[in-house]
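Enquirer: Got a sequence here, can you model it:
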Amino acid sequence: MKKLYKKYGSRLVLSMEMFEKDNQEKVNDYLAGKITEEEFIKTSRPWPRYITDYKPMIEFAKAHKIPVIASNIPRFWHQRLPSRAR
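Expert: Predicted structure coming up:
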């Protein structure tokens with residue numbers, strides 16, 4: 001990510017499927033410093049390996065003011081899809 005940031009700077013955007021779209025506001029609030037990390041983790045339903053695998057990317061984005069897009073389909077919509085569409 002550091003190389004991408006060096007190359008693209010403020011044009012860089014990070015899209016993360018480990019956050020569901022209905023949590024975009026929580027992602028934005030955490031990046032803006034409006035909520036604590038504890039609250040962010042508690043309320044955003046991150047994937048189980050968030051701390052080890054994804055937190056470094058979030059923290060880099062936060063430190064460099066890189067927008068993060070919560071790009072996964074919300075669970076409640078996923079559960080409504082027919083199994084053949086999943």
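Enquirer: How far away from the center of its chain is stretch 22-32?
Expert: Distance of stretch 22-32 from the chain centroid (CA atoms, centre = their mean, to the nearest Å) equals 8 Å.
Enquirer: again, but for stretch 9-17
Expert: Per CA atoms, centre = their mean, the displacement of stretch 9-17 from the mean C-alpha position of its chain is 10 Å.
Enquirer: Ends of that stretch, what's the gap?
Expert: Chord length of stretch 9-17, first to last residue, is 22 Å (CA to CA, to the nearest Å).
Enquirer: got the contact list for the helix or strand encompassing Glu25?
Expert: For Glu25, the host element (DSSP states H and E) is helix 24-31. Residues outside helix 24-31 that contact it (CB atoms under 8 Å, 6 or more residues apart in numbering): 19, 35, 37, 39-40, 43-44, 58, 61-62, 65, 67-70. Quick note: C-beta positions are derived from backbone N, CA and C, even for glycine.
Enquirer: Mind doing that once more with 10 Å?
Expert: 14, 16, 19-21, 23, 34-37, 39-46, 58-59, 61-63, 65-71 (CB atoms under 10 Å, 6 or more residues apart in numbering).
Enquirer: and those, which are buried?
Expert: Those of the contacts of helix 24-31 that meet the buried threshold are 14, 16, 19-20, 23, 35, 40-41, 44-46, 58, 61, 66, 68, 70, by 16 or more other CB atoms under 10 Å.
Enquirer: out of those residues, who's nearest Lys7?
Expert: Distance to Lys7, by CB to CB, is smallest for Ile66 among the buried ones among the contacts of helix 24-31, at 12.8 Å.
Enquirer: is it true that the closest one lies in a strand?
Expert: No - according to DSSP: H, G, I helix; E, B strand; the rest coil, Ile66 belongs to no strand; its state is coil.
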